[in-house]
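[1] could you look at this predicted model? Sequence included:
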Amino acid sequence: MMREEKIMAEDTVLITRIVNAPPALVFNAWIKREEWEAWIGPKGRQCDIPLLEPRVGGKLRVTMRLADGSVVPVAGEYKEIEAPRSLAFSWGREGGDPSRHTLITLSLRAQENKTQLTFRQEGLGSIASRDAHVVGWNETLDKLDRYLAR
C-alpha cells in the first residue's frame, strides 16, 4: 500500500492511498452498513452504525466506543454520491453545533485492479484537531486496507 499525506491548510487533511481493490469494492465499503462497521474507526475504537442512509440528503450516525469506555457519537449527512467514483458527507459530534461539522470527500480512481483513494476532510478548526485527525484517519484507512484484503 502506498500512502501520501498532504496538509493543505490549517483545517484540512488530504490523504492519498493506493488500495488493493477495485473502486466498486472500495466504494461499497463506505456505504454498506455491515462493511463500514467492520473497519471504521481508529485503532482501539469499536464503532457501531445505528443509522446509514446512503443517498443525497440521507443521514449517517456512528457511535465510537473508546478503550476507556467513553462514547463519541458522530453524525452527518450525505452531500454527494457518485458510485463508484466519489462520496461526500458531513461529519461531526452528534448534538453539537452543525456549523462545526467537517466535510469529508472521497475520490476513487481506478488504477489497473487497484484504486487510488483520495480522502479529504475540511473544516477541522485548528491545527491540533487536524493533526489528531491525520493520525485517526490513517489508522482507520489501515483497517480498511486489511478489511479489503480479506
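    That came through, no problem.
[2] show me what the helix of greatest length in the chain is packed up against.
    Within the chain, and with DSSP state H defining each element, the longest helix by residue count is helix 127-149. When contacts are defined as 3 or more CB pairs under 8 Å, 6 or more residues apart in numbering; DSSP states H and E, helix 127-149 packs onto strand 3-9, strand 12-19, helix 23-31, helix 33-39, strand 114-122. Glycine gets a C-beta too; all of them are placed from N, C-alpha and C.
[3] those: which one's closest to residue 51?
    Shortest separation from residue 51 across these is recorded for helix 33-39, at 8.9 Å, computed as CB to CB.
[4] now for that closest one, which elements pack on it?
    Applying 3+ CB pairs under 8 Å, 6+ apart, one finds that helix 33-39 contacts helix 23-31, strand 46-52, helix 127-149.
[5] can you list these in a markdown table and add mean neighbour count, distance to residue 67 and mean pLDDT?
    Written out in a markdown table, the entries for the helices and strands packed on helix 33-39 read as follows (neighbours: other CB atoms under 10 Å; distance: least, CB to CB, whole Å; pLDDT from 0 to 100):
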| stretch | mean neighbour count | distance to residue 67 | mean pLDDT |
| --- | --- | --- | --- |
| helix 23-31 | 19 | 24 | 98 |
| strand 46-52 | 15 | 9 | 96 |
| helix 127-149 | 16 | 13 | 94 |
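[6] okay if I get these as JSON lines plus distance to residue 103?
    Rendered in JSON lines, the data for those read as follows (distance: least, CB to CB, whole Å):
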{"stretch": "helix 23-31", "distance to residue 103": "15"}
{"stretch": "strand 46-52", "distance to residue 103": "18"}
{"stretch": "helix 127-149", "distance to residue 103": "12"}
